[in-house]
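Trainee: Pasting a predicted model and its sequence here:
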Amino acid sequence: MSDLLIDSFISYFGGTKKGIRAFRAPGRVNLIGEHTDYNGGFVFPAALTMSTTVLARPRSDRQINLIATDLKQMVNADLDHLEQYKDLKWGNYQLGVADELQKAGYSLCGCDLLYEDKVPLGSGLSSSAAIEIATALALVSMGDAAKGIKRDIDMVELAKISQIAEHNYVGVKCGIMDQFASAMGKKDMAIFLDCRDLDYELVPLKLGSHKIVISNTNKKRSLGAGKYNERRNECEQGLSILQKALPDIKFLREVSVQDFLTHKELITDEVIRKRVEHVVYENERVLESVKALKNNDLIQFGKLMNESHNSLRDLYEVTGDELDTLVEEARKINGVLGSRMTGAGFGGCTVSLVRDDSIDEFISQVGQEYERKIGYSASFYISEIGDGGQEIDLV
């Protein structure tokens, strides 16, 4: 833990180092399985080492104070009147988590909280989930300490509460994947997650002579802008139509490829049909990807990554010029096995599987062509896979 971060905390909130605790939660990259989570489907994310760190110290009152190292405006809120702060430009994710924790029965105390965000905002790497899980972990830990409660914190429950907070407080009807990956990630493991019942399996990422390279379009996008919720509504319409022929299904993930081929003519709206087709086949691609990685078949996994992006571009229509350019240029590089958008789309990042000796060429050539075609530069990260949310010892 950086002494500078601790000094920054003290400069904002006063006092000494005594009583300060530190918590972190990571962003995530989804290897494959996009827009399947809110359809009860399969996803395959991994936690990153890029994370949100929160320094926290309890207060004797019911006030919660928030500030970030890159934003100099402090947010002050009353834990007993959290419904008043939903329209904040920054701080609503944190206060939404506090609100839902209290509704779930957690006893919270007033806190001073300093945030350092290393997950690029608006990148599609789940900076919001990192903030939510780090906040939930900090608030529950501080509240428990104030009450003298000693227990193992249920990280799956914190993920669920964080998702509900994003639904109810922020207004984004996100799936559970981002919060789950941020809470439950393990170093050098991907999470094969069934979003219907939260069954999961940790799958070792044995990439051999390849690495995961994340390319950031640097195009900011907001899920709350409406497109994300629009896609979710389209899927709900498709599900409702298919339930006429398949009355027992509750999620699109329960529609097999054969079911879709048999009953797709029921969906007369071409747009709705395309959305459903993506979800049905994307779930199959996740299952095949897990099998491929368990068999160390990186070539097959790369092919599935490419198919996923093509479907997101042509059927789900959530890519755009920036993401498509990064993927098109990545696929031209010898040593790239697969490349696809990751996250909700409409900007954000791509994830590519790149041979070690091709990484320098990848960054140079893809970056150069992207800037020539789009007009501004992309950013590149050679990703490491890390652990989920946890408390950090202050030395």
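Mentor: Nice, thanks for sending it over. Residues are numbered from 1 along each chain as shown.

Trainee: For the helix or strand containing residue 74, name the packing helices and strands.
Mentor: Assessed by DSSP states H and E, residue 74 sits inside strand 71-78. Packing partners of strand 71-78 (3 or more C-beta pairs under 8 Å, 6 or more residues apart in numbering; DSSP states H and E): strand 63-68, helix 92-103. In this view, the C-beta of every residue, glycine as well, is placed from N, C-alpha and C.

Trainee: so where's this structure uncertain?
Mentor: 1, 221-225, 395 (pLDDT under 70).

Trainee: most residues in a single helix of the chain, which one?
Mentor: In the chain, assigned by DSSP state H, the helix with the most residues is helix 270-294.

Trainee: picking that back up, ok, and what's touching the strand holding residue 74?
Mentor: Counting contacts by C-beta atoms under 8 Å, 6 or more residues apart in numbering, the residues outside strand 71-78 that touch it are 12, 62-67, 84-85, 88, 90-91, 94-95, 98.

Trainee: quick check: angle from it to helix 92-103?
Mentor: Interaxial angle of strand 71-78 relative to helix 92-103 (axes from the mean of the first three to the mean of the last three C-alpha atoms, to 10 degrees): 20 degrees.

Trainee: Buried residues in strand 71-78, which are they?
Mentor: Going by neighbour count (16 or more other C-beta atoms under 10 Å), the buried part of strand 71-78 is 75, 77.

Trainee: one step back: in TSV, list the helices and strands packed on strand 71-78 along with distance to residue 390 and mean neighbour count.
Mentor: Shown next, in TSV, are the helices and strands packed on strand 71-78 (distance: least, C-beta to C-beta, whole Å; neighbours: other C-beta atoms under 10 Å):
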stretch	distance to residue 390	mean neighbour count
strand 63-68	20	20
helix 92-103	17	23
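
Trainee: just the helices in this structure please.
Mentor: 3-13, 92-103, 127-147, 155-165, 177-184, 227-242, 257-263, 270-294, 298-314, 321-330, 359-374.

Trainee: got TSV for those, with distance to residue 215 too?
Mentor: Listed next are the helices of the chain as TSV, based on distance: least, C-beta to C-beta, whole Å:
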stretch	distance to residue 215
helix 3-13	29
helix 92-103	25
helix 127-147	16
helix 155-165	27
helix 177-184	19
helix 227-242	21
helix 257-263	31
helix 270-294	20
helix 298-314	12
helix 321-330	5
helix 359-374	7
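
Trainee: out of these, deepest packed?
Mentor: Stretch with highest mean neighbour count among the helices of the chain: helix 177-184 (a mean of 30; mean count of other C-beta atoms under 10 Å).

Trainee: distance of residue 33 from residue 312?
Mentor: Residue 33 sits 11 Å away from residue 312, going by C-beta to C-beta, to the nearest Å.

Trainee: burial measure for the closest residue to residue 334 other than its chain neighbours, as a count.
Mentor: Among residues not flanking residue 334 along the chain, residue 358 sits closest, at 6.3 Å (C-beta to C-beta, 6 or more residues apart in numbering). Neighbour count of residue 358, defined by other C-beta atoms under 10 Å: 20.
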